[in-house]
Each structure stands twice: as C-alpha cells, then as structure tokens.
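Chemist: The following block contains a protein sequence and its predicted model.
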Amino acid sequence: MALHDLLAKRKDDIVKKWFELVLETYPEDSRDFFRRQKNRFANPMGYNIKEGIAGLFEAIVEHDCDHEKTAPYLDQIIRIRAVQEFSPSEALSFVMDFKKLLRNEISTESDAGLAVELDKLEEDLDKLALQAFDIYMGCRERIFELRVNELRNLMFGALERANLVSFPGEEKEVKENKI
C-alpha cells in the first residue's frame, strides 16, 4: 500500500491525534475548553486550529507539501499562535510533532517502500517547517508594526494636546505659564 493511500485511510485518526498534540501546548483548562466546545463562534481558536490541521493534512497528503496549497492552512494556525505567549519553537512545534506522529503511525507497517516514501515526506515536512517559520516571522513583524504605530499615534496625540506640535505655515500660540 502506498503512503498516500495509508494516510488517506487513517486521516480522521491522524488529524485527531495531531490536534491533541497541538492542544498539549496549552494550559489544561484551555485544552478542556478546546476539546468540549465545537462551535466555531464560541471557540474560534480551537475551530481554526482544527480546520487548519485538517486542511494542512489534506494538502500534505495530496500535494506533497506544495507551498501554495499549504500556506493558507499554515497561516490559519500560525496567526493564532503568533499572538500568544509562545516562543517561536513552541509556536511551530506542531510541524515537528506531525513528523513524529507519522513515524509512529507508519511503524506498524512493514513495507520497505513506505520507508522511502516516508523519508521523502519528512524532507517535505522540513521544508514546511521553514515555510511555517517565514509565516510566523511575518505575523510577528506585523504585530510589532501595529504596536509601534499605536505608540507613535499615542505620543503624537499627547504632544498635540500639550500644544507642543506645530506644522510649517501654522502660527503657534504660546501659552504663558504663570507661577
């Protein structure tokens, strides 16, 4: 049996296990909530992570980690993890966890051809991890840009209220301090 066929046959089980591995990175009370609450509106994070994992699994199995197919699903997962208090390695560990999960799932099969296919898939997953890092860094850069812009706007507003800002061509009123 080809690796593609084996993974497609075990899809639901593998996706569920992969989701559980991702949940293990969260505190226990969050994990319980993510498991219990299935409603996408009551639990948008859990829903998006699960949907991202399922889509990523499909893209990996059917398209051999094609960048254009995997990027939207990676983004769906990483965008959430980038705003949380995870280190980069923790935020992206779900890709490496998937490699380990695949190795465990395939270990029960004795077909030598599967080992060769799995090696190729693991190489693709390594590339996927690098792609995930690029997406993560893009998200973090955007977050820091937003923070800097917000601070700049706050400071400008404070200076403007204190009448310490003038523009070329404007006459500035000078307030006298009476002590």
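Modeler: Ah, there it is. Residues are numbered from 1 along each chain as shown.

Chemist: hey, which helix is longest across the chain?
Modeler: helix 112-161 (DSSP state H).

Chemist: That helix: how far from the chain's middle?
Modeler: Between the centre of helix 112-161 and the centre of its host chain there is 8 Å, according to CA atoms, centre = their mean, to the nearest Å.

Chemist: now stretch 57-67
Modeler: Stretch 57-67 sits 17 Å away from the centroid of its parent chain (CA atoms, centre = their mean).

Chemist: cool, stretch 36-46 as well?
Modeler: 17 Å.

Chemist: Check stretch 70-77 too.
Modeler: 7 Å.

Chemist: outside of the lowest-mean-pLDDT helix or strand in the chain, which residues touch it?
Modeler: Across the helices and strands of the chain, mean pLDDT, DSSP states H and E gives its lowest value to helix 3-9, namely a mean of 89. With contact meaning CB atoms under 8 Å, 6 or more residues apart in numbering, helix 3-9 is reached by Ile14, Phe57, Val61, Glu62, Leu102, Glu105, Ile106, Glu109, Leu114, Glu117, Leu118, Leu121. C-betas here are computed from N, CA, C, even on glycine.

Chemist: 7 Å - rerun?
Modeler: Helix 3-9 has contacts (CB atoms under 7 Å, 6 or more residues apart in numbering) with Ile14, Val61, Glu109, Leu114, Glu117, Leu118, Leu121.

Chemist: Low-confidence bits of the protein, can you list those?
Modeler: Within the chain, the stretches with pLDDT under 70 are 63-64, 110, 170-179.

Chemist: List the buried residues for the least confident helix or strand of the chain?
Modeler: Across helix 3-9, burial judged by 16 or more other CB atoms under 10 Å covers Leu3, Leu6, Leu7.
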